[in-house]
Every structure is written in structure tokens, then in C-alpha cells.
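S.K.: 3D, please:
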Amino acid sequence: MSKRRTNVYADAADLDLIKEAARRRGVPEAEIIREGIHLAALANRVWDEPLDWPTFAGGGAVADSQTVSDAVSGGASDE
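M.R.: From the prediction side, this is the model:
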């Protein structure tokens, strides 16, 4: 992916946090900033198509913790 240069204004406190994170991780500050820009871009993306979420059959009742535990351990065997 090609990169383009841009200028932004940032709060001094945020820049201090970026500087510290870059030092701890041993990466350039620019890498932290690029990651932040990428996350912001993804968080604000508008999808052209609706997401195809799976659906599950059920009566709509909320399962209690014992029902969940029984369902999960029902397939396991100590044999």
C-alpha cells in the first residue's frame, strides 16, 4: 500500500502518549500514528452491503448459566 504525507494537529498530551508507546514497543512514532489513522478509518467505514450475520433458531428465551454449562460440556467426554 502506498503512503501519502499529510499534516495534522494533535494535543500535546496525545503526542506524549504516542512517544511513550513508540518507545515501549520499539517502533517509530509514525507507526503508532498510522495504526491510529487506520483504526479510525475502519471505525467510520460505511459498508455498501449489509453484513450477513448468522441467525440461530431458538425460542428467544435467555439461557441461564447452568443450561450453557450443560450444552458446552454435553459434547465432552472423559472416556
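S.K.: His35 - how many residues pack around it?
M.R.: Just so we're on the same page, residue 35 is Glu rather than His. Per other Cβ atoms under 10 Å, the neighbour tally for Glu35 reads 13. In this view, the C-beta of every residue, glycine as well, is placed from N, C-alpha and C.
S.K.: what's the separation between it and Ile18?
M.R.: 10 Å (Cβ to Cβ, to the nearest Å).
S.K.: let me know the helix or strand that the residue positioned nearest the centre of the chain is in.
M.R.: Centroid-nearest residue in the chain, with Cα atoms, centre = their mean: Leu39, separated by 8.3 Å. Using DSSP states H and E, Leu39 maps to helix 29-43.
S.K.: and the contacts of that helix?
M.R.: Here helix 29-43 makes contact (Cβ atoms under 8 Å, 6 or more residues apart in numbering) with 3, 18-19, 21-22, 25.
S.K.: for stretch 8-16, same thing?
M.R.: By Cβ under 8 Å, 6+ apart, stretch 8-16 touches Ile18.
S.K.: now the terminal residues of it, how far apart.
M.R.: Distance across stretch 8-16, first residue to last, is 15 Å (Cα to Cα, to the nearest Å).
S.K.: could you report the neighbour count for Val46?
M.R.: Using other Cβ under 10 Å: Val46 sits among 4 other residues.
S.K.: helix or strand: which one has it?
M.R.: For Val46, there is no enclosing helix or strand under DSSP H and E.
S.K.: helices along this protein, start to end?
M.R.: Secondary structure of the chain (DSSP state H): helices located at 12-25, 29-43, 65-73.
S.K.: in the chain, which helix or strand is least confident?
M.R.: The weakest-scoring helix or strand in the chain, judged by mean pLDDT, DSSP states H and E, is helix 65-73 (a mean of 87).
S.K.: that one: how far from the chain's middle?
M.R.: Put simply, helix 65-73 sits 28 Å off its chain's centre (Cα atoms, centre = their mean, to the nearest Å).
S.K.: low pLDDT regions in this structure?
M.R.: Applying pLDDT under 70 to the chain flags residues 75-79.
S.K.: any idea how far Ile37 is from Ala12?
M.R.: Using Cβ to Cβ, Ala12 is found at 19 Å from Ile37.
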